[in-house]
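> take this sequence and fold it.
(2 chains)
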Amino acid sequence: MRTAPRTIALIVIVAVVAVGMTAFAVMAGARQRAAVLAAPDVDQVELDTVTTGSRVVFRSTAPGVQYGLAAVVPLEDPAGPRAFTDRACDRIDATADQAICLRTVRGIATTFTAELLDSAWETVRTWPLPGIPSRTRFSPDGTLVSTTVFVSGDSYMSSGFSTRTRVERAEGEGYGDLEDFTLIVDGTPIAPVDRNLWGVTFVDDRTFYATAASLVAGKTWLVRGDLSDRTLTALRENVECPSLSPDGTRVAFKKDVGGDDGKFWSVAVLDLASGVETVLDGEERSIDDQLEWLDDSTLLYGMPRVDEPGVTDVWSIAVAEGSTPGVFIPQAWSPSVVR
Amino acid sequence: MYISVRDRPAAGRSARTPGRVSSVVVSLGVVSLLTDISSESVAAVLPLYLTTALGLSTIAYGFVDALMQGASALVRVAGGWAADRGDRPKWVAFTGYALSAVTRGGLVLAQGFGAVTALVAVDRLGKGIRTAPRDAMIASASDPDHLARSFGVHRTLDTVGAALGPLLAFLILWAIPDGYTTVFVVSFGFAVMGLAVLGLLVPDRRPRAEASDAGTRMRPFSWRHLTDPRLRRLLVVAGVLGLLTVGDGFLYLSLQDRDGFATQWFPLLYVGTNVAYLALAVPVGRLADRVGRARVLVLGHLALLAAYAAAAVTAGSTVTTLACLVLLGVFYAATDGVLAAVAGRLVDPAARTSAIGTAQTVVAVARMVASAGFGLLWFTLGRGNAMLTVAALLAVAVPLCYLAVRGLGASERSTPTAPVDPA
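The predicted model follows:
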């Protein structure tokens, strides 16, 4: 009987592997819970002390039980104590009286939703998202909201990631998927098969800037969108995730400057009137965020910590040649300045 | 000359109880189940891992992945050739499974985007290498009269793994937030178990050596085997239909456009398709054995046609979405395993793995071309019209292909060119 030793060997291997996997999972779970409990307390203040005045709303990434919750700090002391809300958000944007929160709903079936919240952080409206939250922005008066998500829904037998970007009215009803808008490059409508759109920044309730890209063409464009005409007009190449300055004269963006293994994004600012581009190479790391204007001369952006997975900081850099970045809010992500 | 139609070696034949699925098929199914739990659990969380844990955009990843899909398709032919040439399908398949298992171990240690994409690439190569030899082993181990059912049993087990993998991964992340390393460790564990089942339980059969022992002198593998006109007919039909199979992603996107239900469950729509597929793989396989495998292979595309039409014409609703998922499941049940069952029987066993690998490559390449071409239609005609166009082309192609496959892969006993088995 030759099969018996093989069967025994199989049983032994399966048992060892099963015990090993379970032990690892149990230990990882215990370690994670211990880390949450052992996490040093974050300095906190009550939420109602920061509901008026200039402030920054963000996702807190400080380890502990409040990891991932939306939090608020006053603009005059961003690195000081923070006020936590009870809302978990992956990406967030806020105006004086409302907030938009894109979140991952963890569970055996993980899904994604957008939540519109009022000034008391109560849910006004919720709608489903088809993928992983990436960017969100209000229009200046808070009438419109844009969402960008990464879609990776069909891993079985086919693949490919893409972004889905939509613009909708905060109160409901939308303009739909920006992919359906007419893309105009050099005066001619084009229809690249793999177009992707992401990173909307609003000028007003009709006009916005965004990124359009075609992987096959190997190009990304800064486009100006028109919600009434349903058009996207390419303005220039190699501008990703635009963000309009408060005075409306410049666009901050991430510029692909290449690198050893492909993408390397630098912080850059484009003067819309003159077309002059300034790369802020004082930031020597590759950034991957939609920049946020703190004021007309300073930019904010999130950056993951290299040695602490899941923990990020919000950095600031002055819009000036030779400026260097510094941490603005530690243990934070997705900043939104409410003036 | 068609030894393939009566290649049941005398010894093997008496050992086989008609009506029962070979234990080899079940073992290979268990191997695939464990391996699919391993690969699909990682595939399900990889985008989240890259974006939330590593803080990266996933667009570049998608591009690399698409390239590797192409490379994987070509490696399949090489895997088939190596298995036939060396007459050792088990160990070629083992190499492919082992390669993928190693990448799971690598993910536990990997840091950064480059390492992750490299590992995904190697995993795809492993999948390419193992598929054809494994399907050839299923074909050799099965009673020819119940071949499609055997493939149905294998695909059911395989798809159970593909449905369990994502659920297991999300369960782990739910219990341990940011427990990506645990997902990778568990995935590695399942890959090792699959490898152990393959290595220890599946017999190392050597089709050519066995045939010569049984007194049938079999010619060694030669590419000439693959020029069989019947195989060529199958490849043309599979290629044409593959060109009209545009990728589930487009169908899902089209559903998601109009239906809130489909949006909410978008990341899991493929799990719904898998559930329909695993429920139907065996019944449709049985049907294929009875009424003709090539016929079922072609007619299965009617389910695809119906799904495209439903997505294009009807107003979005939960019912439409669920109906489309079931139709996709029917389509996979009628085509995926059945293709291997047809291809594996059309040629001499010495070239069986190469034939299966070639057929699968033709389909995979045709579908990639289809997806690229359909992207163009999608933007020029609009979603609904693009879907309807493909549905209309399918409506023309299916009857023509149906006529073209007459006599292919029907129950061998009724194939005119096959000598009637005196027993």
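
> residue numbers of the stretch 201-350 of chain B in contact with chain A?
B:201, B:247-249, B:252-253, B:256-257, B:260, B:263-270, B:273-274 (Cβ under 8 Å from any Cβ of the partner chain). The C-beta positions use only the backbone N, C-alpha and C, and glycine is treated the same way.

> among those residues, which ones are buried?
B:201, B:247-249, B:252-253, B:256-257, B:263-270, B:273-274 (16 or more other Cβ atoms under 10 Å in any protein chain shown).

> where does the prediction get shaky in the stretch 201-350 of chain B?
B:215-220, B:259 (pLDDT under 70).

> 90 instead?
Within the stretch 201-350 of chain B, the segments meeting pLDDT under 90 span B:204-230, B:246-272, B:311-320, B:344-350.

> which stretches in it count as helices?
Here the stretch 201-350 of chain B has its helices, by DSSP state H, counting those that start in this stretch, at B:207-213, B:229-243, B:248-258, B:260-264, B:269-291, B:293-313, B:318-346.

> deepest-packed of those helices, please.
When the helices of the stretch 201-350 of chain B are scored by mean count of other Cβ atoms under 10 Å in any protein chain shown, the highest mean neighbour count falls to helix B:318-346 (a mean of 25).

> distance from the chain centre to it, please.
Its chain's C-alpha centre and that of helix B:318-346 lie 10 Å apart, by Cα atoms, centre = their mean, to the nearest Å.

> for stretch B:40-51, same thing?
21 Å.

> ok, stretch A:293-309 next?
Worked out by Cα atoms, centre = their mean, stretch A:293-309 lies 12 Å from the chain centre.

> any residue of it up close to chain B?
Yes - Stretch A:293-309 is in contact with chain B by Cβ under 8 Å from any Cβ, via A:302, A:303, A:304, A:309.

> select from those residues the one having the most neighbours.
Tallying neighbours with other Cβ atoms under 10 Å in any protein chain shown puts residue A:302 at the head of those, with 24 neighbours.

> and whichever residue of the stretch 301-423 of chain B sits closest to chain A, how many neighbours?
Chain A sits closest to residue B:375 of the stretch 301-423 of chain B, with a gap of 3.2 Å, by Cβ to the nearest Cβ. Using other Cβ under 10 Å, residue B:375 has 21 neighbouring residues.

> rewinding a little: residue A:42: which of the helices of the stretch 201-350 of chain B is closest?
helix B:260-264 (33.2 Å; Cβ to Cβ).

> contact partners of the closest one?
A:111, A:113, A:127-130, B:252, B:255-256, B:269, B:316-318, B:321 (Cβ atoms under 8 Å, 6 or more residues apart in numbering or on different chains).

> got it, and stretch B:74-83?
By Cβ under 8 Å, 6+ apart, stretch B:74-83 touches B:89, B:92-93, B:96, B:125, B:128-133, B:136, B:221, B:353-358, B:360-361, B:364.

> mark which of those residues are part of strands, please.
Among the contacts of stretch B:74-83, no residue falls in strands (DSSP state E).

> make a PyMOL selection of the buried ones in those residues.
Buried residues within the contacts of stretch B:74-83, by 16+ other Cβ under 10 Å, are selected in PyMOL with:
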select buried, chain B and resi 89+92+93+96+125+128+129+130+131+132+133+136+221+353+354+355+356+357+358+360+361+364
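
> gap between residue A:18 and residue B:155?
Distance of residue A:18 to residue B:155, given as Cβ to Cβ, to the nearest Å: 25 Å.

> pLDDT value on the closest residue to residue A:202 other than its chain neighbours, please?
Leaving aside its sequence neighbours, residue A:202 sits nearest to residue A:139 (Cβ to Cβ, 6 or more residues apart in numbering or on different chains; 3.8 Å). Looking at residue A:139, its pLDDT reads 96.

> now do residue A:292
In this prediction residue A:292 is given a pLDDT of 97.

> what do you get for residue B:23?
92.

> tell me, how many residues neighbour it?
Neighbours around residue B:23, by other Cβ under 10 Å: 12.

> quick one: residues contacting it.
Contacts of residue B:23 (Cβ under 8 Å, 6+ apart): none.

> for residue B:30, see how far away it is.
Residue B:23 is 10 Å from residue B:30, by Cβ to Cβ.

> stretch A:75-90 - what's its average pLDDT?
On average, stretch A:75-90 scores 94.

> next one: stretch A:21-29
Rounded mean pLDDT across stretch A:21-29 is 95.

> same thing with stretch A:167-179?
Rounded mean pLDDT across stretch A:167-179 is 88.

> swap in stretch A:190-204?
84.

> try stretch B:384-392
90.

> low-confidence ranges, the stretch 51-200 of chain B, go.
Within the stretch 51-200 of chain B, the stretches with pLDDT under 90 are B:51-78, B:80-81, B:84-87, B:107-125, B:143-144, B:166-167, B:170, B:173-180.

> just the helices in it please.
B:59-86, B:89-109, B:113-141, B:147-175, B:180-201.

> so which of those helices gets nearest residue A:332?
Per Cβ to Cβ, nearest to residue A:332 of the helices of the stretch 51-200 of chain B: helix B:180-201, 21.7 Å.

> need the contact list for the residue nearest to residue B:158 when sequence neighbours are not counted.
Among residues not flanking residue B:158 along the chain, residue B:32 sits closest, at 3.8 Å (Cβ to Cβ, 6+ apart). Counting by Cβ under 8 Å, 6+ apart, residue B:32 touches B:134, B:154, B:157, B:158, B:161, B:194.

> what's near enough to touch the residue nearest in space to the middle of chain B?
Central residue of chain B (Cα atoms, centre = their mean): residue B:336, 5.0 Å from the mean position. By Cβ under 8 Å, 6+ apart, the contact set of residue B:336 is B:155, B:277.

> isn't residue B:146 up against residue B:290?
No - counting by Cβ atoms under 8 Å, residue B:146 does not reach residue B:290; the two are 9.8 Å apart.

> sec struct for residue A:102, please.
When classified by DSSP: H, G, I helix; E, B strand; the rest coil, residue A:102 comes out as strand.

> could you pull up the residues touching it?
Per Cβ under 8 Å, 6+ apart, neighbours of residue A:102: A:89-92, A:112-115, A:129, A:133, A:136, A:147, A:149.
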